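>>> One predicted model, sequence on top.
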Amino acid sequence: MGHGLAGITAALLRPRGAASRARAGWLALLVLCAWAPDLDYLVPFPGTASDPNARITHSLLGSLVAPTVVALGARLSGLRGARLRRHTLEAALAGLSHPLLDLLVGVTPLPLGWPLWDGLLRLPFGVLPSAGRIRPGNVYFWRNLGLELGALGPLVAVVTAWSRGGLASRRARVLAGAGLGISAGCMALAAGLQR
């Protein structure tokens with residue numbers, strides 16, 4: 001869920017009134033860019049030289065494969081200049097959000113620097129919950145999903161409002177502060193979960 005939110009956020013960061021390219025289709029492509037590194041759950045990819053189980057799709061380079069394909073598609077479809085640069089940046093941000101969010105879970109070591117650096121990086125803490133077993137009857141899955149949405153949803157709303165100049169009024173700033181408080185609270189609860 002968080003990866004999809006990150007993909008949507010990449011599109012929402014554009015200034016108010018900026019033209020969008022087939023909005024629903026573009027949002028779907030950005031969500032796919034954000035989810036793409038998890039393709040290794042369906043299709044096996046080789047690991048690194050030091051760890052055959054390392055998920056190279058979660059390296060910075062690996063997370064940019066889908067955004068590169070999307071940017072090339074945008075170019076081939078006739079997009080040029082500032083619009084092409086904006087769409088390419090949005091796709092890259094969506095792709096790079098995946099290893100960042102996974103790193104913030106603090107569970108799986110990631111080969112972020114692959115192929116230039118073969119080491120694995122894992123934070124000694126996590127501020128986002130892990131997904132757990134994705135089954136409708138799994139109580140922990142629903143708890144973690146709620147924490148993830150509570151941590152990321154308000155953050156996405158505040159960052160989007162800020163990028164569009166929507167925090168000018170006192171009321172908006174109070175709401176943003178409340179949203180950030182909810183986000184921080186959910187992150188604190190997630191940090192206390194067993195890893």
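Received, thanks.
>>> helices or strands next to the strand or helix carrying R83 in the packing?
Taking DSSP states H and E as the criterion, R83 maps to helix 81-105. Helices and strands touching helix 81-105, as assessed by 3 or more Cβ pairs under 8 Å, 6 or more residues apart in numbering; DSSP states H and E, comprise helix 2-12, helix 23-35, helix 65-76. Glycine gets a C-beta too; all of them are placed from N, C-alpha and C.
>>> Let me know the average pLDDT across the shortest one.
Same thing as helix 2-12. Per-residue pLDDT over helix 2-12 has a mean of 90.
>>> Would you check how far apart T160 and L13 are?
7 Å (Cβ to Cβ, to the nearest Å).
>>> ok, now R83?
Counting by Cβ to Cβ - R83 and L13 are separated by 15 Å.
>>> likewise L112?
From L112 to L13 the distance is 23 Å (Cβ to Cβ).
>>> Also A151?
18 Å.
>>> ditto for V127
21 Å.
>>> got it, and A6?
11 Å.
>>> more neighbours, those two?
A6 (24 against 17; other Cβ atoms under 10 Å).
>>> For R133, which of the helices and strands packed on helix 81-105 is the nearest?
helix 2-12 (16.8 Å; Cβ to Cβ).
>>> Pull the distance from that closest one to the chain's centre.
When C-alpha coordinates are averaged (Cα atoms, centre = their mean, to the nearest Å), helix 2-12 and its chain have centres 6 Å apart.
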